[in-house]
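> need the 3D shape of this:
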Amino acid sequence: MPIDMVQLLSEKLLLKDSDRLQAVCKPWMNPSNPIKEEQVWLMYCPKKLGTCEMYNPSKDKQFTLNLKKLYSNEPSRLLFSKDGWVLALQGCDKLYLLNPFTNDFHHLPILEYPYSYSGIAMSCAPNSSSCVVFAVVGPPRGEFTRIIAWHYGQEEWYHLEFDNNFPFPMADNNPVFINGKFYCLGRLGNLGVFNPEKNTWRVLDKPSPIYSDLDQAPEFGTEYCYLLECNGDLISVFRAVNMDYVRVYKLDRSKNMSWTRLEDLGDLTLFLDFRTSIARALPCKSYSNKLYLPRLHDETNTATFYYNLKIKMHNPDFKCLREPYNCVWMEPNLCSLK
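The predicted structure follows:
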C-alpha cells in the first residue's frame, strides 16, 4: 500500500488502532497521528449527529472523529475534560465519561434531580480507583453551598450542603483538582475548597477576594472568570465579555496566599473556557503569552480567537468568530493509549 494512503488511514483511526497499523511492517512505522503531535485540542460537536471535530489552534489542524456513543438517544452536552476523558450530560440527569480517542465509555449513576450546577469536575481518569466527580452550586449572594459527589465504585451520588464562613457567590466555571482537593473560584475572586476524603467544604480567608463585595464586582453576565492549574500553582483569569480588559493572577503562596497580578506569562499559553482551562508551554514560542478562547470562523471552523497579554491586544477577528456548538478544550492522555 502506498505510504501516503497509510498516512491518511492513520489519521482517521483511533490512536490504539493507529499504533496497530504502524506495527504491521517497518515501512508503515513512519506515518504519524496528529493527536500524538499536538498537546491541546478543541473538541466540538457540530449539528451533524454521530461526529465530533478536533481542532488544534497552534498548527491549524482539524479532523473528524466518529463517536456514535455521543448520540445514542439524543445529543450530549460536553461539560468537562481531564486526562483524555470528557464528562458529558445526556438529557437532564444522565452523566457519563467518554474517551474519544479510544471510544471507552463509563456511565455514572442517574442524578436524583436535573443537572443545574455552576461547576463540575473530576479528579482523574475513571479507570482509576481514586476517581471522584464533584459538582457545586450556590445562591447569588453565596450564603451557602450545595455539593454532589461520586466516588469510583459507588452506585449513587451523595449530597451535601454547607453554610459558608465567608460570602461565596458562585461563578460559572469548573473547579480544579490539585493536591487532593477541589478548588472553586467565586465571582468575587476568592476560593472555596472541597476535600473529597473528609467531605469538608470551606471558603478560604486567603487569598483575599479580588472584589471586596458584590457591590464592587461587575454585574452578572458582564465578566467571565476562569481557574486553572499550572505546574502545581493556581492561576485565575478575569475578562470583560467585550474584551475591554483581561486580568491574570497567580496564587502566590510565598506572600501569605495572595493573588499576584501577571503582566507576562513567560513561555505559557492559556486555553480558556468555563468548562476546562489549560495552561501549557508550547514548543513554538510565537504562541507564548497568548490566551486562546474557543471561537472559530463559521465558514472554515479555523482561526481560534486569542488575546496577547504582553501587548494587550487581540487578533482582529473577534467580531467575526463564534463559539462552536458544544465544545471543550482537552488533552489526550498518551500514557493510556499505549
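
> pretty sure S286 belongs to a helix, no?
Yes - counting by DSSP: H, G, I helix; E, B strand; the rest coil, S286 is located in a helix.

> where's it relative to F305, distance?
Distance from S286 to F305, counting by Cβ to Cβ, to the nearest Å: 16 Å. For every residue, glycine as well, the C-beta is placed using N, CA and C.

> ok, now R187?
Distance of R187 to F305, computed by Cβ to Cβ: 23 Å.

> more crowded one of those two?
Regarding R187 and F305, a neighbour count based on other Cβ atoms under 10 Å identifies R187 as having more, with 25 against 22.

> how about the contacts made by that one?
G142, P169, M170, A171, Y211, L214, A217, F220, C225 (Cβ atoms under 8 Å, 6 or more residues apart in numbering).

> buried ones among the residues you listed?
For the contacts of R187, a burial check counting by 16 or more other Cβ atoms under 10 Å picks out G142, P169, M170, A171, Y211, L214, A217, C225.

> E331 against V40, yeah?
Yes - with contact defined as Cβ atoms under 8 Å, E331 reaches V40; the gap is 5.8 Å.

> list residues touching both of these two?
Applying Cβ under 8 Å, 6+ apart, one finds that E331 and V40 are jointly contacted by I278.

> tell me how many other residues crowd the closest residue to N190 other than its chain neighbours.
By the measure of Cβ to Cβ, 6 or more residues apart in numbering, the closest residue to N190 outside its immediate chain neighbours is P209, 4.2 Å from it. As a burial measure, the neighbour count of P209 was computed by other Cβ under 10 Å and equals 22.

> P209 contacts L185, correct?
No - using Cβ under 8 Å, P209 is not in contact with L185, being 10.5 Å away.

> strands of the stretch 151-300 of the chain, residue ranges please.
Secondary structure of the stretch 151-300 of the chain, counting by DSSP state E, counting those that start in this stretch: strands at 158-163, 176-178, 181-185, 191-195, 200-203, 223-230, 233-240, 246-252, 258-262, 268-271, 278-281, 290-293, 296-297.

> least confident of the ones you listed, on average?
By mean pLDDT, the lowest-scoring of the strands of the stretch 151-300 of the chain turns out to be strand 296-297, with a mean of 78.

> where does pLDDT dip in this structure?
For the chain, applying pLDDT under 70 flags the ranges 1-4, 6-23, 25-38, 47-50, 68-73, 255, 283, 298-303, 316-319, 334-338.

> in contact with the residue nearest the centre of it, which residues?
When the chain is reduced to its mean C-alpha position, the nearest residue by Cα atoms, centre = their mean turns out to be T276, at 1.3 Å. Neighbour list for T276: F80, S81, K82, N174, V328, W329, M330 [criterion: Cβ under 8 Å, 6+ apart].

> where does F134 land in three-state SS?
When the rule is three-state DSSP, F134 gets the label strand.

> how far away is it from A279?
When Cβ to Cβ is applied, the distance between F134 and A279 equals 21 Å.

> A149 too?
According to Cβ to Cβ, A149 and A279 sit 26 Å apart.

> what do you get for D252?
According to Cβ to Cβ, D252 and A279 sit 16 Å apart.

> looking at the two, which one has more neighbours?
Counted by other Cβ under 10 Å, D252 and A279 do not tie: A279 has more neighbours, with 19 against 14.

> tell me what that one is bridged to.
Here A279 sits in beta bridges with L270, going by DSSP bridges.

> what about it, distance to L188?
Separation of A279 from L188 (Cβ to Cβ): 22 Å.

> pretty sure F134 contacts A121?
Yes - under the criterion of Cβ under 8 Å, F134 makes contact with A121 at 5.8 Å.

> which neighbours do those two have in common?
With contacts taken as Cβ under 8 Å, 6+ apart, F134 and A121 have P175, F177, F182 as neighbours in common.

> make a markdown table out of those and add distance to E197 and neighbour count.
Formatted as a markdown table, the entries for those read as follows, by distance: Cβ to Cβ, whole Å; neighbours: other Cβ atoms under 10 Å:
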| residue | distance to E197 | neighbour count |
| --- | --- | --- |
| P175 | 16 | 25 |
| F177 | 12 | 19 |
| F182 | 11 | 26 |
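
> neighbour-wise, which one of the contacts of T276 leads?
Most neighbours among these, by other Cβ under 10 Å: N174, with 32 neighbours.

> the residue lying closest to that residue once chain neighbours are set aside and F80: what is the separation?
Excluding the flanking residues, the one nearest N174 by Cβ to Cβ, 6+ apart is G119, at 4.5 Å. For G119, the distance to F80 under the criterion Cβ to Cβ works out to 9 Å.

> what residues are shared contacts of the two?
Listed as contacting both G119 and F80 by Cβ under 8 Å, 6+ apart are N174.

> okay, and the beta partners of the nearest residue to R275 once chain neighbours are set aside?
Distances taken as Cβ to Cβ, 6+ apart place V328 nearest to R275, at 4.7 Å, with adjacent residues excluded. On the basis of DSSP bridges, V328 is bridged to M43.

> shouldn't V328 be in contact with F80?
Yes - counting by Cβ under 8 Å, V328 does reach F80; the two are 6.9 Å apart.

> quick one: common contacting residues for the two?
Counting by Cβ under 8 Å, 6+ apart, the common neighbours of V328 and F80 are V86, R275, T276.
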